[in-house]
Each structure stands twice: as C-alpha cells, then as structure tokens.
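> just coords:
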C-alpha cells in the first residue's frame, strides 16, 4: 500500500463507488452497501460520506466489496472508521471481501482479523448466535 492509484479522471459520482439496498423490513432491516471500482484517495471520501449518512439506519451493515478492483490506504481507513461507528451504536458490520485484491490488502495491513467476514451477501445477512 505504498502508493495510491487515483481513479480514472476526476469526475467520480457516488453511483460509481457504492450502491445501497435494504434487506428486511422496518427497524430490523439490514443495510447492504455494494462497493465497486477503485477505493483510493479520490473515491474514499465519497464512500465515507455516504456510509456516515446511512450507518445509523441499520443494526446490521454489510459491506459487499466483491466489486472492488483496488483498495488503497484511504479505503482501508474508511472501513475501519465504519466499523468503529457501527460498533459505537451497538450494531454489527460484516465484510464480504469477494476477491483476493481486498483480502490481500486487509491481510497485508493486519486489519483482516478486526472484521467479521462472510463468504457472500446472503451469508452475511444470516443471523448469528
């Protein structure tokens, strides 16, 4: 993670980075964020803003990272901040890595052990315990 590769061209829209969906009904509904593309110094602030706005909504937040093609240090910082924010509310955050790119970035930085990781979105949405 010694360098950040900026996303192509500066005009990045939030739809280029993340798409949200609700799973379930009412107050118990989970939030699934499908993150895609390069999560770097250009796109990470967009992702963080959108996550910060939606994290309080759900007792379970699933970050589906299977569409991520690059995960830089700025993106890793967003994941850690999201985990902290969710846990402060007594809620749960689960990651779906979905690719060696994401898993490798988390392993290389020692962050993988911090996260609850699922094999897929449907797995992540299953109740635990």
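Structure's in. What do you need? All values derive from a computational prediction rather than experimental measurement.
> When you work out contacts or count neighbours from here on, use the C-alpha atoms and nothing else.
Noted.
> strand partners of the lengthiest strand in the chain, parallel vs antiparallel please.
Criterion DSSP state E: the longest strand present in the chain is strand 60-71. Strand 60-71 has the following strand partners under DSSP bridges: strand 30-39 (parallel), strand 92-96 (parallel).
> of those, which approaches residue 105 most closely?
Nearest to residue 105, of all the strands paired with strand 60-71, is strand 30-39, at 11.5 Å by C-alpha to C-alpha.
> Which positions in that closest one come out as buried?
Across strand 30-39, burial judged by 16 or more other C-alpha atoms under 10 Å covers 30-39.
> Kindly report the same for stretch 49-69.
50-51, 55, 57-68.
> Need the contact partners of it.
Identification of contacts with stretch 49-69 by C-alpha atoms under 8 Å, 6 or more residues apart in numbering yields 27-39, 82, 85-86, 89-99, 101-102, 120-121, 124-125.
> Start and end of that stretch, how far apart?
End-to-end span of stretch 49-69 (C-alpha to C-alpha, to the nearest Å): 20 Å.
> Stretch 97-115 now?
10 Å.
> what are the phi and psi angles of residue 119?
Backbone geometry at residue 119, expressed as degrees, to the nearest 10, gives phi -80, psi -30.
> Please name the nearest non-neighbouring residue to it.
Once flanking residues are discounted, residue 119 sits nearest to residue 96: 6.0 Å by C-alpha to C-alpha, 6 or more residues apart in numbering.
> so who does the one you found touch?
62-66, 117-121, 124.
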